[in-house]
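Colleague: Return a 3D structure for these sequence lines:
(one chain, ligands or ions: 1)
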Amino acid sequence: MPSRQAPVLLGVSLKMYFGHHQTLNWTRKVAAVADRHPAVTSGAAKLFVLPPFPAIVPVAGLLSGSGVDFGAQDVATEDSGPYTGEVGGPYLKEIGCRYAEVGHAERRRLYGEGDTVVAAKTAAALRNGLTPVLCVGELDPVAPDEAARRTVAEAERLLRGREGAVVLAYEPQWAIGAPEPASAEHITTVCRALRDWLGARPHHAGSTVIYGGSAGPGLLSRLGPAVGGLFLGRFAHDPDAVASILDEIRLGAAPETAVA
Ligand SMILES: O=C[C@H](O)COP(=O)(O)O
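Modeller: Residues are numbered from 1 along each chain as shown. Alright, predicted model coming up:
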C-alpha cells in the first residue's frame with residue numbers, strides 16, 4: 001500500500017437542524033472561512049457539506065470556487081421510477097454532488113433501514129459515481145477491540161462485492177448526539193482497524209476513514225494520525241468552530257497516509 005500525506009477530511013452533515021435561509025447563511029460563512037484558511041488553501045484539509053436536499057443546488061452555487069465539496073444526506077436504492085419521496089443517484093450526480101451519505105444511525109433507528117437497504121444505497125452511490133459516506137459503528141459502548149471487531153465486520157457486510165473509493169465514517173451509535181465523543185483510545189483503535197481492513201483491499205483504493213459522534217474542536221489533536229478526519233454534526237453549527245478545527249489541522253493534526 002503506497003503511502004502519501006493525505007488531506008484531513010472534514011465533513012459536516014446539517015441533518016434537519018436549520019431552515020433554508022439559515023442553511024444558506026451558514027454555507028456562506030463556511031465558504032468564506034475555507035476561502036482564506038491556510039489549512040484549506042494549502043491542501044492540508046478538505047471540507048465537504050451535506051445539506052438537506054432542497055438546499056443542495058443553492059449551496060452548490062455558494063460553494064463554487066471555494067474548494068468545498070458537497071453531497072446529499074441520503075440516496076435512493078433505485079436510480080429512477082415510481083419511488084415517491086426518494087432522490088436517486090443520477091439526480092444527485094447531475095446537480096454536482098460528490099458524496100452521498102448512507103447508513104446513518106438515525107436512518108437505521110428512526111426509519112428502519114437495515115443492512116440490506118444500506119448495502120443497496122452504497123451500491124447506488126458507487127454505480128452513479130458518488131462517493132458513499134458510509135456510516136458504521138457499534139450500537140452500545142463496548143471495549144475498543146470489540147468495537148473494532150464489530151465495526152470491521154459491519155463494513156465487510158455492507159461493502160461485499162463492491163469496489164471504489166469510500167469514506168467510512170466511524171460513528172459509534174452511542175456517541176451520536178451525546179455531550180462528548182468516544183475516547184481518543186476508542187476512536188483510534190477502531191479507525192486503525194478500519195484503515196488496515198481497507199488497506200488490504202486495493203479495490204477500495206483512495207478510501208478514507210473519519211470519525212463522527214459529538215466531534216468538535218479539540219478532538220482531532222487528541223486522535224493522532226490514524227484518523228483521516230472528522231464527520232461533524234452539531235459542533236459545526238458555529239462556523240468559528242469549523243475554523244478552529246482547521247486551525248488544529250494547520251498546527252499539525254494530519255493523517256499518516258491515505259488508504260491507497
Ligand atoms: O452526522 C454526524 C454525526 O451523526 C454526528 O452528529 P453529532 O456530532 O451532532 O453527534
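Colleague: Kindly report the residues of the stretch 151-260 of the chain close to the ligand.
Modeller: 171, 176-177, 212-215, 231-235 (CB under 6 Å from any ligand atom). Bear in mind the C-beta positions are built from the backbone N, C-alpha and C, glycine included.
Colleague: could those residues go into a markdown table alongside distance to Tyr17 and neighbour count?
Modeller: Listed next are these as a markdown table, based on distance: CB to CB, whole Å; neighbours: other CB atoms under 10 Å:
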| residue | distance to Tyr17 | neighbour count |
| --- | --- | --- |
| Glu171 | 17 | 26 |
| Ile176 | 14 | 21 |
| Gly177 | 11 | 13 |
| Gly212 | 15 | 26 |
| Gly213 | 16 | 26 |
| Ser214 | 14 | 19 |
| Ala215 | 16 | 30 |
| Phe231 | 15 | 27 |
| Leu232 | 12 | 27 |
| Gly233 | 8 | 23 |
| Arg234 | 7 | 16 |
| Phe235 | 12 | 19 |
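Colleague: Just the ones of those residues in strands?
Modeller: Mapping those onto strands (DSSP state E) picks out 212, 231-232.
Colleague: hang on, the earlier thing: and which of the residues of the stretch 151-260 of the chain next to the ligand is nearest Ala205?
Modeller: Phe231 (20.9 Å; CB to CB).
Colleague: Helix or strand: which one has Ala169?
Modeller: Taking DSSP states H and E as the criterion, Ala169 maps to strand 167-170.
Colleague: I'd like to know which of the ones in strands among the residues of the stretch 151-260 of the chain next to the ligand is nearest to Leu110.
Modeller: Gly212 (17.0 Å).
Colleague: Check which helices and strands the strand holding Ala169 is in contact with.
Modeller: In terms of contacts (3 or more CB pairs under 8 Å, 6 or more residues apart in numbering; DSSP states H and E), strand 167-170 is packed against strand 8-13, strand 131-136, helix 184-199, strand 208-212.
Colleague: Throw those into TSV and include mean pLDDT, thanks.
Modeller: Output for the helices and strands packed on strand 167-170, formatted as TSV (pLDDT from 0 to 100):
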stretch	mean pLDDT
strand 8-13	98
strand 131-136	98
helix 184-199	97
strand 208-212	98
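Colleague: Adjacent strands (with direction) for the strand holding Ala169?
Modeller: Applying DSSP bridges, strand 167-170 is found paired with strand 131-136 (parallel), strand 208-212 (parallel).
Colleague: Switch the ones you listed over to TSV; also include distance to Ala200.
Modeller: Shown next, in TSV, are the strands paired with strand 167-170 (distance: least, CB to CB, whole Å):
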stretch	distance to Ala200
strand 131-136	17
strand 208-212	13
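Colleague: Just give the closest residue to the residue of the chain found nearest the ligand, not the sequence neighbours.
Modeller: Taking CB to the nearest ligand atom as the measure, the chain has Gly233 as its residue closest to the ligand, at 2.3 Å. Nearest non-adjacent residue to Gly233, counting by CB to CB, 6 or more residues apart in numbering: Ser13, 6.0 Å away.
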